[in-house]
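Colleague: My questions concern the predicted model and sequence given below.
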Amino acid sequence: MNKIEIFNETASIVKELSKLKEVLEYAVKKEKLKNVEFNVIIVDNNYIHKLNKEYRNIDRVTDVITFALEDDNVVINAGNTRVLGDIYISIDKAKEQAVNYGHSFERELIFLAVHGFYHLLGYDHMNVEEEKIMFSKQEAVLDECKIQR
C-alpha cells in the first residue's frame, strides 16, 4: 500500500491539497510503484529559505526542495515499504509563480509536487537529455490529470 502524507505547516488554508494528493497517487500508479511512502510539506518562504541555506548552501528562497532518501542508489525500506523522502514546497513562491506564469495556484502547486516526486525517484534536469525525460514524465501526469496552464 502506498502512503502519501501532506502537511500544511503554514497558517493558510490550502483547499487544493486533496487534488494534489489525487494527482500524486496517479503519478505513483503511472510509475507502477508499490509500497512507497513520501511526504509533501507546505511551508512559507522563510522556512524554505532556511532549508535552502542549510542543506544546499544557497542563500535565497526557492519553490521546491526535495530530500530524496534514495540518493547514491541506496534504497531505504521500512518493512516492506520503500521510503522515498520529503518534498518541501513554498506556498508563497507557488502563489507568486502562478501569477508570473499566468496560471492557477492549483496548477503551480501540483506542478511543484509532481516535479518534486520525480526528483525523489532520481530524475533530474542538469542537462538537456535528463530534462527531456523528467519534464516529459511530469507533463504527461499533469496532462492526464487535466491540470492545465
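Modeller: Thanks, I have the structure now.
Colleague: CA only for contacts and neighbour counts going forward, please
Modeller: Will do.
Colleague: residue contacts, Leu109?
Modeller: Leu20, Ile89, Ile91, Ala94 (C-alpha atoms under 8 Å, 6 or more residues apart in numbering).
Colleague: Buried ones among these?
Modeller: Buried members of the contacts of Leu109, scored by 16 or more other C-alpha atoms under 10 Å, are Leu20, Ile89, Ile91, Ala94.
Colleague: just the contacts of Leu109 now: which is nearest Asn46?
Modeller: Comparing the contacts of Leu109 against Asn46 with C-alpha to C-alpha places Ile91 closest, at 10.6 Å.
Colleague: Identify the residue spatially nearest to the closest one, adjacent ones excluded.
Modeller: Asp44 (5.6 Å; C-alpha to C-alpha, 6 or more residues apart in numbering).
Colleague: okay but the one you found is in contact with Asp92, surely?
Modeller: Yes. Counting by C-alpha atoms under 8 Å, Asp92 is a contact partner of Asp44 at 5.8 Å.
Colleague: State which strand of the chain is the longest.
Modeller: The longest strand of the chain (DSSP state E) is strand 81-90.
Colleague: Report the outermost residue of the protein with respect to its centre.
Modeller: Farthest-out residue of the chain from its mean C-alpha position, per C-alpha atoms, centre = their mean: Gly79, at 24.1 Å.
Colleague: Would you mind measuring from it to Ser12?
Modeller: 35 Å (C-alpha to C-alpha, to the nearest Å).
Colleague: Work out for me the element Lys93 sits within.
Modeller: If you go by DSSP states H and E, Lys93 is part of helix 91-101.
Colleague: Check Ile6 too.
Modeller: Secondary structure assignment for Ile6, by DSSP H and E: strand 3-8.
Colleague: Mind listing residues that contact that strand?
Modeller: 14, 17, 21, 24-25, 35-43.
Colleague: now it, how far from the centre of its chain.
Modeller: 11 Å (C-alpha atoms, centre = their mean, to the nearest Å).
Colleague: How about stretch 7-25?
Modeller: Distance, stretch centre to chain centre, for stretch 7-25: 11 Å (C-alpha atoms, centre = their mean).
Colleague: Equivalent analysis for stretch 130-149, please.
Modeller: So, by C-alpha atoms, centre = their mean, the centroid of stretch 130-149 is 13 Å from its chain's centroid.
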